[in-house]
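Enquirer: Sequence first, then the predicted structure:
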Amino acid sequence: MSAALLRRGLELLEPPGQGKAPPGAQRCRDGPRAAGAARRRKRAPEPGKNKATVKGRVVKSAIEEYHKKKPVNHLKENLKYMLKGRLVADKAITEKVLAQNRGRKSKDQPPEKAEKKKPEGTVFTEEDFRKFEREYFGIP
């Protein structure tokens, strides 16, 4: 794509009312003095405070700054807050909240608990076993 086509495309994208600058107003920055001119064209210092002077400056204490930024231990306040209210939610509600916060992936699901089978008691008693032994083995 040529530069002329690019310029035309950019002109189409410009908001209406903004015209192209006249060709004489465009500056050519191709000269060897262009970099020096850009350096010289700095903004003039604004009238007001001169930051090079110390007058009016408040000296900050390094110790005070350290104490401001020092981490504060909120353990006692948090424990008082936590122990103040003894409201315990229903187990069903807590299960619902935990289920909502869990992810949908299978790795996020808790393992399903297998139902414990109760050991089945025998129908026969000790007397029945003795009676069977006598009949089968012939032991008195």
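Expert: Nice, thanks for sending it over.
Enquirer: count of neighbours near residue 105?
Expert: Residues within reach of residue 105, counting by other C-beta atoms under 10 Å, total 7. Placement of C-beta: from N, CA and C, glycine included.
Enquirer: Next: residue 67.
Expert: The number of residues packed near residue 67 is 9, by other C-beta under 10 Å.
Enquirer: now it: how far from residue 112?
Expert: Using C-beta to C-beta, to the nearest Å, residue 67 is found at 54 Å from residue 112.
Enquirer: Kindly report the same for residue 89.
Expert: Residue 89 sits 24 Å away from residue 112, going by C-beta to C-beta.
Enquirer: what does residue 80 give?
Expert: Separation of residue 80 from residue 112 (C-beta to C-beta) stands at 40 Å.
Enquirer: pLDDT-wise, which helix or strand of this protein ranks last?
Expert: In the chain, no helix or strand scores lower on mean pLDDT, DSSP states H and E than helix 34-40, which sits at a mean of 63.
Enquirer: name the helices or strands packed onto the helix or strand that that one is followed by?
Expert: Downstream of helix 34-40, the first helix or strand assigned by DSSP states H and E is helix 62-69. If contacts are counted by 3 or more C-beta pairs under 8 Å, 6 or more residues apart in numbering; DSSP states H and E, helix 62-69 sits against no helix or strand.
Enquirer: So for helix 62-69, mean pLDDT?
Expert: The average pLDDT within helix 62-69 is 88.
Enquirer: Buried residues in that helix, which are they?
Expert: Residues of helix 62-69 include none that count as buried (16 or more other C-beta atoms under 10 Å).
Enquirer: mean confidence for the next helix or strand after it?
Expert: Moving toward the C-terminus from helix 62-69, the next helix or strand (DSSP H and E) is helix 75-84. Helix 75-84 comes out with an average pLDDT of 89.
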